[in-house]
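S.K.: what's the 3D shape of this:
(chains A, B, C and D)
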Protein chains: 2
Amino acid sequence: MLQLQKGVQLLMDNKQIPDIVVGRLPLYLRTLQKMARETIQVTSSLELGERLGISAAQIRKDLSQFGEFGKQGTGYNIPFLIERIREILHIDRVWDVAVVGAGDVGRALARYQGFADRGFRVVMIFDNNPDVIGTLVADFTVQNTAGLVEAIQNAGIKVAMVSVPADQAQSVTDQLISAGVKAILNYAPISLSVPEGVWVQYIDPAVHLQRMAFYLA
Amino acid sequence: MLQLQKGVQLLMDNKQIPDIVVGRLPLYLRTLQKMARETIQVTSSLELGERLGISAAQIRKDLSQFGEFGKQGTGYNIPFLIERIREILHIDRVWDVAVVGAGDVGRALARYQGFADRGFRVVMIFDNNPDVIGTLVADFTVQNTAGLVEAIQNAGIKVAMVSVPADQAQSVTDQLISAGVKAILNYAPISLSVPEGVWVQYIDPAVHLQRMAFYLA
DNA sequence: GAAGCATTGTGAAATGTACCACAAAATCTT
DNA sequence: AAGATTTTGTGGTACATTTCACAATGCTTC
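M.R.: Just a heads-up that it's a prediction; the model follows:
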């Protein structure tokens, strides 16, 4: 039986980790958590790779950037590896998240149950439509976007999701940044301009579909 | 004034185009269409790159994979380049899309206005919840997932979006593939297994947030 | 407890991607 | 109409990422 390693330490403080490696860690984590729910205790880079469609060598190389988490001949202890990845990604805590834009997408995000146990929790939602301000969305009262900077600053929020129309997205982004937000998940179909030290990820279903359409005869 | 090039032909039939290049074309297109709405006629790789946060050299190299679309000293004619990219991505037509799962996400997708003019159109939506089947979502009657394969096959649909719970996503995917679907945009938080010749893109807000959390102190 | 099997972590090689820098070509200026 | 300016397309180079392949290690079996 695999023992929990003791004294394992995360590296990465010195080393420069490629962003592409960082981007795969959440996928590893998601699959490992699924395996844990299936009560699997141990896995190998080969098995994990098959579930993910990623080569075993790549998984081993990626994980070795952060420490030695496996055991030769045996593989990786799943609960242990889950904890290590949660530490690496700084999601061994819960980040409060603000949603800006209470349209279909914003409301779906506020009501989404999938953030639980994955490191995030929606705590407030904003909109600038007078008909929507004050209404309830998943236990939250929609706040006026006019008060966004103060509310986010006071709450110390660092993570936000933007689901406003494209023509308001840059302005909202600028306000979020002035309020101290460092990570933005942008659903508006537009490239945002942000200063050094602020990270943006984009979700645009049309972009994803267009990419695949290239391969359709 | 820039003349429209005549007799320009798309290459790429022989050449193997890197997927990473294909993935940037929709971003170029989205920004070019925004510029067109601002009634800008001509742009340069430098200007486009600044808007996108991508180097000018990379944009030129990417586009040169498909043909010579620019003019030295002048740049790129925007309407012309838009049409070329639409051809390359096979979105110089409208692809019918099926939505499976009529929860918050599926309903938001069915009602989303952002697919218009970007090559896609939602034409049907499915769910397996008896309370939801038969209700209206954005002019569509929610159909029973039991009839999914037949309906999609009959309509000749090649593109689908999956917004069902994770534990149903693989089963739905298998049905979509048996119905002839070749491109799947998956909102379920799970890696899908698909055969050669079927493409999947993933949208999982928690994954995107986790990736950024790595960079949060 | 020795032999066989499984699996890691990792240098080295192979492959893939981005950037540089410039000749060529088109436009602009005077 | 000649020189200055702009900007493309691209060969070459530098950098990044993935894959290979194997020594080392830890289980399992007999």
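S.K.: and the longest strand for chain A?
M.R.: In chain A, assigned by DSSP state E, the strand with the most residues is strand A:120-127.
S.K.: ok, that strand near chain B or not?
M.R.: Yes: Strand A:120-127 lies within reach of chain B by C-beta under 8 Å from any C-beta of the partner chain, at A:Phe120. C-betas here are computed from N, CA, C, even on glycine.
S.K.: Name the next helix or strand downstream of that strand, please.
M.R.: Downstream of strand A:120-127, the first helix or strand assigned by DSSP states H and E is strand A:136-137.
S.K.: Quick check: buried residues in stretch A:154-168?
M.R.: For stretch A:154-168, the neighbour count (16 or more other C-beta atoms under 10 Å in any protein chain shown) marks A:Ile157, A:Lys158, A:Val159, A:Ala160, A:Met161, A:Val162, A:Ser163, A:Val164, A:Gln168 as buried.
S.K.: does any part of stretch A:92-102 sit near chain B?
M.R.: Yes: applying C-beta under 8 Å from any C-beta, one finds stretch A:92-102 touching chain B at A:Trp95, A:Val97.
S.K.: Which pair in the buried residues of stretch A:154-168 has the greatest spatial separation?
M.R.: A:Lys158 and A:Gln168 (21.4 Å; C-beta to C-beta).
S.K.: Chain A - how does it break down into domains?
M.R.: For chain A, automatic domain parsing gives the domain ranges A:19-88, A:95-208.
S.K.: packing partners for the longest strand of chain A?
M.R.: For strand A:120-127, the elements it packs on are strand A:95-100, helix A:104-111, strand A:140-141, strand A:143-144, helix A:148-155, judged by 3 or more C-beta pairs under 8 Å, 6 or more residues apart in numbering or on different chains; DSSP states H and E.
S.K.: Could you identify which of these is most buried?
M.R.: Stretch with highest mean neighbour count among the helices and strands packed on strand A:120-127: strand A:95-100 (a mean of 24; mean count of other C-beta atoms under 10 Å in any protein chain shown).
S.K.: what inclination does it have with respect to helix A:104-111?
M.R.: Relative orientation of strand A:95-100 versus helix A:104-111 (axes from the mean of the first three to the mean of the last three C-alpha atoms, to 10 degrees): 150 degrees.
S.K.: contact partners of strand A:95-100?
M.R.: Here strand A:95-100 makes contact (C-beta atoms under 8 Å, 6 or more residues apart in numbering or on different chains) with A:106, A:109-110, A:115, A:119-127, A:145, A:148, A:151-152, A:155-164, A:172, A:176, A:181, B:209, B:213, B:216.
S.K.: re earlier: present the helices and strands packed on strand A:120-127 as CSV; the columns should include mean pLDDT and distance to A:Leu32.
M.R.: Below are the helices and strands packed on strand A:120-127 laid out as CSV (pLDDT from 0 to 100; distance: least, C-beta to C-beta, whole Å):
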stretch, mean pLDDT, distance to A:Leu32
strand A:95-100, 98, 20
helix A:104-111, 97, 25
strand A:140-141, 97, 31
strand A:143-144, 98, 37
helix A:148-155, 98, 31
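S.K.: Show me the one of the ones you listed that comes nearest B:Asp139.
M.R.: With respect to B:Asp139, and counting by C-beta to C-beta, the nearest of those is helix A:104-111 at 14.8 Å.
S.K.: Can you tell me which helices and strands that closest one packs against?
M.R.: Helix A:104-111 packs on strand A:95-100, strand A:120-127, strand A:136-137, helix B:104-111, going by 3+ C-beta pairs under 8 Å, 6+ apart.
S.K.: Now do the strands in chain A.
M.R.: Counting by DSSP E, the strands of chain A are A:42-43, A:70-71, A:75-77, A:95-100, A:120-127, A:136-137, A:140-141, A:143-144, A:159-162, A:183-186, A:199-202.
S.K.: returning to that earlier point: average pLDDT across the longest strand of chain A?
M.R.: For strand A:120-127, mean pLDDT is 98.
S.K.: for stretch A:186-205, same thing?
M.R.: Averaging pLDDT residue by residue across stretch A:186-205 gives 97.
S.K.: what's around the nearest residue to A:Leu81 once chain neighbours are set aside, how many residues?
M.R.: Spatially, and ignoring its direct neighbours in sequence, A:Leu81 is nearest to A:Phe69 (5.4 Å; C-beta to C-beta, 6 or more residues apart in numbering or on different chains). Using other C-beta atoms under 10 Å in any protein chain shown, A:Phe69 has 18 neighbouring residues.
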